[in-house]
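# after the sequence you'll find the predicted model.
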Amino acid sequence: MSLENYIRDIQDFPKEGILFKDITPLLNNAEATQECLQILVKSLNGHQINKVVGAESRGFLFGMLLAQELNAGFVPVRKPKKLPYETVSVTYDLEYGTDTLEIHKDAIQKGDKVLIHDDVLATGGTAKAVCELVEKLGGEIVQLNFLMELKFLNGREKLNGYDIFAVLTY
């Protein structure tokens, strides 16, 4: 099965000049979703995972599936004021300003083996911020995995020292 066939290109979304990689056709096909999930799990090479951290919001989709498959807890990382309990936050730079992400302060325990998941590795800013949150709480990052990597945006450069895996590369 060629998973590339389940990624739809949307020109000029969310703004002009952007070619958006839409994963909804992948999500709409149970066989493609299962194949993608198994590729992500296999990339872990049997490493034990205690927590899967999913970045808002598309990282929740496969993040929850991964947590279930790995018999691990799931931890959402969200934009400010979206989580109901006490949080830890990190602010990071974007090309056009800054953004902030939050995690519940009790979501990760010291020594937890953590898998970080998001749909796309682009510039690496979000992934790096999620790494900072996990490490602030004492988690040990086993891998960052993604459905897609947009190599031309050089996101890996911000993530030196981490094991990174992407199912598809553009």
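That came in fine, so what should we check first?
# report pLDDT for the residue sitting nearest the centre point of the chain.
Nearest to the mean C-alpha position of the chain, counting by Cα atoms, centre = their mean, stands residue 118 at 1.7 Å. Here, the pLDDT recorded for residue 118 equals 98.
# 176 is where my numbering starts, stick with that
Got it, first residue is 176 now, which makes that one residue 293.
# name the SS class of it, please.
strand (DSSP: H, G, I helix; E, B strand; the rest coil).
# so it touches residue 230, yeah?
Yes: if you go by Cβ atoms under 8 Å, residue 293 and residue 230 touch, sitting 4.2 Å apart. In this view, the C-beta of every residue, glycine as well, is placed from N, C-alpha and C.
# quickly list what's touching both of these two.
Residues touching both residue 293 and residue 230 by Cβ atoms under 8 Å, 6 or more residues apart in numbering: 238, 301-302, 305.
# so of those, which ones are in helices?
Mapping these onto helices (DSSP state H) picks out 238, 301-302, 305.
# turn those into CSV, columns for neighbour count.
Below are those laid out as CSV (neighbours: other Cβ atoms under 10 Å):
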residue, neighbour count
238, 25
301, 23
302, 26
305, 27
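# and which of those is nearest to residue 252?
Using Cβ to Cβ, the shortest approach to residue 252 within these belongs to residue 305, at 5.3 Å.
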